[in-house]
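# Show me the folded form of this:
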Amino acid sequence: VQLQASGGGLVQPGGSLRLSCTASVSIFSLNVMGWYRQAPGKQRESVARISSGGTAVYVDSVKGRFTISRDNAKNTLNLQMNSLKPEDTAVYYCNAIQFREGVRTDSWGQGTLVTVSS
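Numbers count the residues shown, from 1 in each chain. Model (predicted):
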């Protein structure tokens, strides 16, 4: 599975950005999709993930500000980020997980940089 992320950029605190991740396969086949981020000098962390059934989970620091969604018709995963803070600055990666016959396979996008600064 190939994942292509887009939508990063520079935004002022309080602003919004929308990240997208397009998959090379039908996302119906992807059990879980999610967004991770890695800030300079920090470990990669899970930001949000969504199951094929639409159940979403968020890290506490983005609850109420970020919304993850799947567009099955466009094979795309989206992350709407509102009320952005400087601490949201990071490289954001999309991830897809497939479970087949008990085997887990992870796929990663190339990362897109989000910078929140005045």
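
# Would you state the helices of the protein in chain order?
Remark: no helices are assigned in the chain by DSSP state H.

# Tell me which residue is most central in it.
The chain has Trp35 as the residue nearest its centroid, 2.4 Å off, counting by Cα atoms, centre = their mean.

# Pairing partners for that residue in the sheet, please.
Ala48, Cys94 (DSSP bridges).

# Now do the residue of the chain most remote from its centre against Ala73, distance only.
Residue farthest from the centre of the chain, counting by Cα atoms, centre = their mean, is Glu101 at 25.8 Å. With distances taken as Cβ to Cβ, to the nearest Å, Glu101 is found 28 Å from Ala73. Any C-beta I mention is one placed from the backbone N, CA and C, and that applies to glycine too.

# buried sites along stretch 26-46?
Residues of stretch 26-46 classed as buried by neighbour count (16 or more other Cβ atoms under 10 Å): 27, 30-37.

# residue contacts, Ala81?
If you look again at residue 81, you'll see it is Met, not Ala. 16-19, 62, 65-66, 88, 114 (Cβ atoms under 8 Å, 6 or more residues apart in numbering).

# What about Tyr93, how many residues nearby?
21 (other Cβ atoms under 10 Å).

# I'd assumed Ala5 was in contact with it.
Yes - contact criterion Cβ atoms under 8 Å: Tyr93 and Ala5 qualify, at 6.9 Å.

# Next, show the common contact partners of the two.
In contact with both Tyr93 and Ala5: 109-111, using Cβ under 8 Å, 6+ apart.
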